[in-house]
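Peer 1: would you be able to build a 3D model of this:
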Amino acid sequence: MTKRFLGFVLLLGLVLTTFSALAAGNPDAVLGVWKNGEGTGMIQIFKQGDKYFGRLVWLKVPNDPAGKPRTDVNNPEESKRKTMLKGLTNMRDFTYAGDNKWENGKIYDPKNGNDYSCEMTLTDANTLEVRGFIGVSLFGRTDVWKRQVKK
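Peer 2: Next up, the predicted model:
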């Protein structure tokens, strides 16, 4: 009886450990290239140290009306308005919070030159919900991104 009980306890511990690891998720599952919900851009999410960042790697309309590469014309800092959009790091400082969620990040919207607090949630292997907000997450907007290329 004691051996059977000990075996049961060990098996239960193994099962709980396995489920805890699965529930925690993979912090690097977000790495790769994602197309935004509008289909106007692709963002490569990458990792530096223990933080996650994103950079624009593709634009549906890469050039301005004059045929030159688009720049960050709406940036509130005049010195940054000539920075090319392609290659621009517009997401920064995300940390993995568990359960396929990355929090405490910032996202820059080159369409209006504003910076927002941001969090990301991986709903499945190829779908990422990106929520930008001001103040609390309640006041914001969620965009659904689709994976293009896995890292």
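Peer 1: tell me which element the residue sitting nearest the centre point of the chain is part of?
Peer 2: Central residue of the chain (C-alpha atoms, centre = their mean): residue 120, 5.0 Å from the mean position. If you go by DSSP states H and E, residue 120 is part of strand 114-124.
Peer 1: buried sites along that strand?
Peer 2: By neighbour count on 16 or more other C-beta atoms under 10 Å, the buried set for strand 114-124 is 116-122. Backbone N, C-alpha and C define where each C-beta goes, glycine included.
Peer 1: and the helices in this protein?
Peer 2: Along the chain, counting by DSSP state H, helices occupy 2-24.
Peer 1: now do the strands in it.
Peer 2: Counting by DSSP state E, the chain has strands at residues 32-35, 41-48, 51-59, 89-98, 101-109, 114-124, 127-133, 140-150.
Peer 1: from the chain's centroid, how far away is the first one?
Peer 2: What separates the centre of strand 32-35 from the centre of its chain is 9 Å, taken as C-alpha atoms, centre = their mean, to the nearest Å.
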